[in-house]
Structures are given as structure tokens and as C-alpha cells.
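pasting the sequence and the predicted model now:
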Amino acid sequence: MKRRFGIPALALLFAVCLMLLSGCSSPDSSPVPRLEKEDGAPALGGIINPDSEIRGVWIASTWNIDYPSRSDLTAEQLQAELDNILETCSGLGLNTIFFQVRPACDALYESGIFPVSQALSTTGELVFDPLGYLVREGHMRNIFIHAWVNPLRITIKKTALEDLPEGPARSHPEWCVDYGDRLYFDCGIPEVRELVADGVREIVEKYDVDGVVFDDYFYPYPAYDSSGRLLEFSDGKTFEKYGGGLSLEDWRRENVNMMVELCFRTVHDTDPECVFGISPFGVWQNDDGENGGSRTRNFEAYKSLFCDATAWIDGGYIDYICPQIYWTTDSVTSPYEVVLDWWNTRLDGSDVKLYVAHASYMYGEGEWDSPGGQLTDQIEMSRFRKYYRGSVSYGYEELKNDVRGAGDEIREVYSSAVVYSDTVSNGCVPELLSHEDGQTVREETVTLSGTSDPFYPLVLNGQRVGRMKDGSFETEYRLHEGENLLTFAQNGQEYTFTIIYEPNIE
């Protein structure tokens, strides 16, 4: 049986609907996404509403995964493969392509900074401009195009610096770090961050892209030697020069923060209508009781990749965040809904939109024993979260070839148009529906559910509360023995409820 929201959440939504009908809602409030479809009409016909749900796919050029299929194709063959991608995306109901234009220190577009990508050409000659063609033809089909950039990776396989084509890495070996079997730019060097921003500016100036997106590669994923020993990333001299009294870890995170902020400002200064986003690894940190992380047991981007997504959100220098939540709804270490709710909660009070990256590739690799329904469940579950605005699937071939039903699921879940209206105030004040004021319980951890005004951020005893689009919420809270004061703060007002925890009560 497919799992949707479960009985508690359904009951909560029903209770909230009753409250809204009883007088809290305003005529303009939109508690859930609007689903619109005319019989017989394509879901996304005509000009795309800018508030339409993002329905995206990642098109990877690294290792020729999705495009191009080989690096020795003619211009006509390269164009034909993009036409096929556009046809496939239209047939699946997708409206956004996240196209990998810089898999390393190279370009799948006409660049005056980076050499032609080896994924595109064996000769170093640009025989066809994939990005220019995709932007033009995609827009004719009402498909948004986001340029996907790997900002710091120089190579994807072991390559000596002297064997690289002419470009920034070859010209500035002092900017490069050899780590594991790859080369990376040293993000601690100010000129490196300027290089990344210049590359972004070049794309936005030359091409009418709708967005620029970085993925999860900042400082490299950990690499190990033959004996299993963790290798050190050799940026010690840069740290000595620029560290400024910070710890090595905090300095590296600050380097990434400065690069991200610089690129955000570069995008918006160049084209105010273009957006900038990042698709980080799905887990920021695991909760240790104090750090505010998610209830997961997984790799932590904050500690290992030195990227702090919370700093980008709080700093206001991303337009959207697209965490890679590549786990099932019943994952033991990182359940999809737990990770989704963490991101939705962390965005409360910000202007950052939440897109979710889904692992459609898992339908083909066999790592998910029974993937059927995962894409459907995850997208439908996400649509009710306040900050969710769309999804992006990684695993184009699985969708195209309908591996284990992946394509059919996407086509069906996107069969009706979804438009997300701006959140407006409905005048509701925080109300606790799951417990009566002064109620006595014998469980140390309780699930608190209730409703609030969806427009204003909601805080419980100093902690953000993640909510649905209608302002309803459900959150776990750990009690101490005796009387517990629950103080909800919203829109400058406080609302206090009491729960008494007596573990030995009969």
C-alpha cells in the first residue's frame, strides 16, 4: 500500500480545514496548491506562469551520462540529441531543464574563459553551442533552462596539470590542489572566487538562461589512500595567509559563503530576472541535541564538504535551495519526510524557495528494492509544505526509458498544473489542536499539532516550527518532568500553553 500522509496528518488537515472555514481564513488565502487542468489540454500549454510548480530534470554531461552521448559527435548529431531531450521532457510534463554546462574547468557553451569541455569535443573545437541552442529551443517549448555549474572541480579523472588544455587551471597552477585522483581549485584564494563569479557572469551575459545552479561539490568529498587513511586537502599555505584567526573548518565554510554570495550578486547585477540556486547534499548536519540538525544518521555536508546552507539562507544570497533528498520514505538513516521537514522548517521566515532533488536514478540502479510509488509519494507529500515550489529528478535515462515505471509516475504526478500563490495572512493566531491547555501526559516526547497564520514565521520556545501551506504544523517536542510552558511566538505576539509531564501517572 502506498503511504501518503498517514492518519494523524489527515486528521490534522481536516481539523485545520474546519478552523479555516470557521472564520480564520481570508478570501485571498491559498492553504494548498491550486490544481488546474482542462480536459484534453496539456498541463503546461501556453506561456508558463512564473509561479508554476518547477518540474525539472538534471541533464548531466559528466562522463557523457545524459548529453552528449559521445564526445565525437557532429553538430547535426549534437542538435538531434538535444531535440530528443526536449521532446522527452515535454512528453513527461517537465517545464525546467538543469543543464550541466561546466562539469569541471570547461564549458559546453561559447566561453572566453574556459576551454571546450572534453565531454563535448575531442579536438577542443566548439562545433556546436549546446547551451545557446537549448535556451532558444527550450523557451519556444515553454521550458525554463538553468545553467548547472560545478564551480571548483578542475578534473573528473586523474590528469596531470600540464596535460590540461589552455585555461585558468593551466595558467594558474598555484590555484590548484591535487586531491585523491582529481584536481580542484582552492576556494580560499580570492582570485579563485573571482574566477567562479566571472564564469557565472559570462553565462548570464551571453545567454538568456532562467537560472544558474551549483550542485553539491564545494570542498571535495573525502578521499582515502590505499590503506584507508583519510587524505588531507592541501590548502595549508592558503589558510596561513588568509585564515584570519578562524579554525580551518570555519575558514573553509566562510570561503564557500563568500563565493556563493559573490555569485548571487553577480547573477542579479547582470540580469535581475535570472535566479541563483544551490543543490546541496541532503543532510546539513545530524542532530546532536544542540546543533539544530535533522533526525538523521548520515554524511554531513557542513562538516565534510564545508558548505553551510543555513548561512546562505540566513544571508539571503540564494533564490532557491534544492537539497538532494535521495532516500526513500522508509529509509532507516534518512527518511525522506524527516529530511524534507527539516529543510522546510529551516526556511521558515526566509524568501528562499524550496525545490527538492529526487533520485529517479535509483529506479535503475536497483538500490531501492521496490521503488514503485516513491517519486509520486515524495512529490505529493512535498506539495503541502509551505516553502516547496517544485521538484527536480536526477536520473534522466530512467525517466526517458520508463525504468520500473519512473517515467509513468512523473507523467501522472505532473498531469495537472500546479500554481503556487504568494502566502497571505489569514488572521489566525497559533492554536494547539493536539493537546488541551494544562493536559497531563506520561510520554516524554509528544507530537504537537495545530494551526497558525501561514504568512508569519512561527517559533516555539525559541525554535522554528515548520508548517504546511495553510499554516498547520506538526512537530515533536521533548518534555521535562512537571509543568512545561509552550510559548508560541508569531507576529510580535506570544501565546502560551501548558502540558504537564508525569511519567508515573495511571
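Cool, got the structure. None of the values given here were measured: they were computed from a predicted structure.

contacts, neighbours, all on C-alpha from now
Noted.

okay, strands next: where are they in the stretch 401-506 of the chain?
Using DSSP state E, counting those that start in this stretch, the strands assigned to the stretch 401-506 of the chain run over residues 417-419, 431-432, 439-441, 445-451, 459-460, 463-464, 473-478, 482-490, 493-501.

relative to Leu460, how far out is the nearest residue to Pro503 once chain neighbours are set aside?
Distance criterion C-alpha to C-alpha, 6 or more residues apart in numbering; nearest residue to Pro503, sequence neighbours excluded, is Arg442 at 4.2 Å. Distance, Arg442 to Leu460, using C-alpha to C-alpha, to the nearest Å: 21 Å.

these two touch, right, Phe185 and Arg193?
No - Phe185 is not in contact with Arg193 according to C-alpha atoms under 8 Å; the separation is 9.2 Å.

those two: which is more packed in?
More crowded of Phe185 and Arg193, by other C-alpha atoms under 10 Å: Phe185, with 27 against 23.

phi and psi next, for that one.
Phi and psi for Phe185, reported as degrees, to the nearest 10, are phi -80, psi 150.

mind pulling up the pLDDT for it?
Looking at Phe185, its pLDDT is 98.

and the protein, what are its domains?
The chain breaks down into these domains under automatic domain parsing: 7-33+423-506, 49-152+190-419.

okay, these, which one's buried deepest?
Most buried of the domains of the chain, by mean neighbour count (mean count of other C-alpha atoms under 10 Å): domain 49-152+190-419, with a mean of 19.

any idea how far apart the tips of it sit?
Counting by C-alpha to C-alpha, you get 7 Å between the two ends of domain 49-152+190-419.

what distance separates that domain from the middle of the whole chain?
7 Å (C-alpha atoms, centre = their mean, to the nearest Å).

I'd like the numbering to begin with 34 instead of 1 from here.
Let's use 34 as the start, then, which means that last one is domain 82-185+223-452.

mean confidence for that domain?
For domain 82-185+223-452, mean pLDDT is 96.

contacts for the strand or helix carrying Lys270?
Per DSSP states H and E: Lys270 is located in helix 269-275. Residues outside helix 269-275 that contact it (C-alpha atoms under 8 Å, 6 or more residues apart in numbering): Gly221, Ile222, Leu281, Trp284.

among these, which two are most distant?
Taking C-alpha to C-alpha as the measure, the contacts of helix 269-275 span a maximum distance of 14.0 Å, between Ile222 and Leu281.

may I have the helix holding Lys270 as PDB, with CA atoms only?
Output of helix 269-275 as PDB, limited to C-alpha atoms (Å, rounded to 0.1, in the frame of the first residue of the first chain):
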ATOM      1  CA  GLY A 269      47.600  24.900   4.500                       C
ATOM      2  CA  LYS A 270      49.600  27.800   2.900                       C
ATOM      3  CA  THR A 271      46.400  29.500   1.800                       C
ATOM      4  CA  PHE A 272      45.000  29.100   5.300                       C
ATOM      5  CA  GLU A 273      48.100  30.500   6.800                       C
ATOM      6  CA  LYS A 274      47.800  33.500   4.600                       C
ATOM      7  CA  TYR A 275      44.100  34.200   4.800                       C
END
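
could you list every helix and strand in contact with whichever helix or strand comes after that helix?
Sequence-wise, the next helix or strand downstream of helix 269-275 (DSSP H and E) is helix 281-303. Counting contacts by 3 or more C-alpha pairs under 8 Å, 6 or more residues apart in numbering; DSSP states H and E, helix 281-303 packs against helix 223-239, strand 308-311, helix 342-348.

tell me the first helix or strand C-terminal of the first one.
For helix 223-239, the following helix or strand on the C-terminal side (DSSP H and E) is strand 244-247.

ok, that following strand: who's next to it in the sheet?
strand 177-182 (parallel), strand 308-311 (parallel) (DSSP bridges).

as JSON lines, those with distance to Asp441 would be great.
Listed next are these as JSON lines, based on distance: least, C-alpha to C-alpha, whole Å:
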{"stretch": "strand 177-182", "distance to Asp441": "22"}
{"stretch": "strand 308-311", "distance to Asp441": "28"}
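
tell me which of the ones you listed lies nearest to Gly440.
The minimum distance between Gly440 and the strands paired with strand 244-247 falls on strand 177-182, with 19.8 Å, by C-alpha to C-alpha.

circling back to that earlier point, let's have the domains of the chain in a markdown table, adding distance to Leu197.
Listed next are these as a markdown table, based on distance: least, C-alpha to C-alpha, whole Å:
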| stretch | distance to Leu197 |
| --- | --- |
| domain 40-66+456-539 | 48 |
| domain 82-185+223-452 | 9 |
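
nearest to Pro206, out of the ones you listed?
Closest to Pro206 of the domains of the chain is domain 82-185+223-452 (C-alpha to C-alpha; 11.4 Å).

ok, residues contacting the host helix or strand of Gly397?
Element membership of Gly397 [criterion: DSSP H and E] is helix 395-398. Helix 395-398 has contacts (C-alpha under 8 Å, 6+ apart) with Trp401, Pro404, Gly428, Glu431, Val436, Arg437, Ala439.

could you redo the residues you listed as TSV and give each row distance to Tyr394?
Output for the contacts of helix 395-398, formatted as TSV (distance: C-alpha to C-alpha, whole Å):
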residue	distance to Tyr394
Trp401	10
Pro404	10
Gly428	4
Glu431	6
Val436	9
Arg437	11
Ala439	9
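
quick one: which of these is nearest Pro163?
Minimum distance to Pro163 across these is 19.7 Å, recorded for Gly428 (C-alpha to C-alpha).

what's the distance between the nearest residue to the closest one once chain neighbours are set aside and Trp91?
With sequence-adjacent residues excluded and distances taken as C-alpha to C-alpha, 6+ apart, Gly428 is closest to Tyr394, at 4.0 Å. Noted for Tyr394: a distance of 11 Å to Trp91, by C-alpha to C-alpha.

what residues are shared contacts of these two?
Listed as contacting both Tyr394 and Trp91 by C-alpha under 8 Å, 6+ apart are Tyr427, Gly428, Tyr429.

now, the contacts of helix 395-398 that are in helices?
The members of the contacts of helix 395-398 that map onto helices under DSSP state H are Glu431, Ala439.

which of the contacts of helix 395-398 lies closest to Pro463?
Pro463 has its nearest neighbour among the contacts of helix 395-398 in Pro404, at 38.2 Å by C-alpha to C-alpha.

how close does that closest one get to Tyr359?
Pro404 is 12 Å from Tyr359, where distance means C-alpha to C-alpha.

repeat that for Asn537.
Relative to Tyr359, and taking C-alpha to C-alpha, Asn537 is found at 41 Å.

what does Arg475 give?
Counting by C-alpha to C-alpha - Arg475 and Tyr359 are separated by 36 Å.

just Glu445 next, same as before
The separation that Glu445 has from Tyr359, given C-alpha to C-alpha, amounts to 21 Å.

again, but for Ile118
When Ile118 is compared with Tyr359 (using C-alpha to C-alpha), they lie 23 Å apart.

go on, Phe530?
From Phe530 across to Tyr359, the span is 37 Å (C-alpha to C-alpha).

before we move on, what about Asp321?
Going from Asp321 to Tyr359 by C-alpha to C-alpha gives 22 Å.

and what of Leu408?
Separation of Leu408 from Tyr359 (C-alpha to C-alpha): 11 Å.

residues touching stretch 163-173, excluding its own?
111-112, 115, 119, 132, 134, 141-142, 177-178, 240-242.

check contacts around Asn290.
Cys340, Asp341, Ala344, Trp345 are the contacts of Asn290 under C-alpha under 8 Å, 6+ apart.

typo on my end, Asp320
Gly326, Ser327, Arg328, Thr329.

once you drop chain neighbours, what's closest to it?
With C-alpha to C-alpha, 6+ apart as the criterion, Asp320 has its nearest non-adjacent residue at 4.0 Å, and that residue is Gly326.
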